[in-house]
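Trainee: Here is my input; please provide its structure:
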Amino acid sequence: MLTNNWGDTTWKQIIFHNESATCGQVELSTAQYYHAGFPIMYTDCGGHGMVTNDGTPPYKLEQGDYNCWYGRTNAKDCFLYPANQWVTFSYQISIGHWGKPDSTINAWVGLDGKPMQEWIKMANFILKNDNPGHDYDCVTLLTYMTNKSAGLDLPTAYAWYDELIVSTKPIAPPTPTRGH
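Mentor: Purely as a prediction, here's the structure:
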């Protein structure tokens, strides 16, 4: 997954959305940032990133415990996807009023046996909904690639998902396991 050249696309790993569409205003996606090997988040079908400074350079692609600056990505300041390791992602999404800067999106990531670290920290975020009543009601786990060329002959790659927990209250991060 991390070393394949997928062509002019990259993979998405999770989408929070309405059942009617995975690409729209009611969408929060986590995807690999182009071929850079680290996750980012966006909404509005990629039109609005979870970045600082409203996407005007200089801005951070990951915030919180990470300081992953656009144009200066590195292993020290950015969470990079590891190969062949379990990774836990945790999201806290608080929806304010549609179209108003009063929603909050926070996300944490942790490797097996390591503490969780915040990689998305967006307060006063504007979430839109062009069709109120069609709100977030689905979570899709995937490795979907928009516009992947069927003509590319690529090796098989895998992503494994183990547990999905949905809760209205905070959940303790997983306990590190031995021999896992």
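Trainee: Report pLDDT for the residue nearest in space to the middle of the chain.
Mentor: Among the residues of the chain, the one closest to the centroid is residue 30, at 2.2 Å (C-alpha atoms, centre = their mean). Looking at residue 30, its pLDDT is 97.
Trainee: Please apply the same query to residue 177.
Mentor: 61.
Trainee: circling back: residue 49 is in contact with the residue nearest to the centre of the chain, correct?
Mentor: No - Residue 30 is beyond contact range of residue 49, at 11.6 Å (criterion: C-beta atoms under 8 Å). To be clear about C-beta, it is placed using only N, CA and C from the backbone, and glycine gets the same treatment.
Trainee: what touches both of these two?
Mentor: 40, 41 (C-beta atoms under 8 Å, 6 or more residues apart in numbering).
Trainee: Tell me which stretches of this structure form strands.
Mentor: 12-17, 27-32, 39-43, 48-49, 60-62, 68-69, 87-94, 101-111, 117-126, 138-141 (DSSP state E).
Trainee: which other helices and strands contact the fifth one?
Mentor: Which is strand 60-62. Secondary-structure packing of strand 60-62 (3 or more C-beta pairs under 8 Å, 6 or more residues apart in numbering; DSSP states H and E): strand 39-43, strand 68-69.
Trainee: Just give me how far that strand sits from the chain centre.
Mentor: 12 Å (C-alpha atoms, centre = their mean, to the nearest Å).
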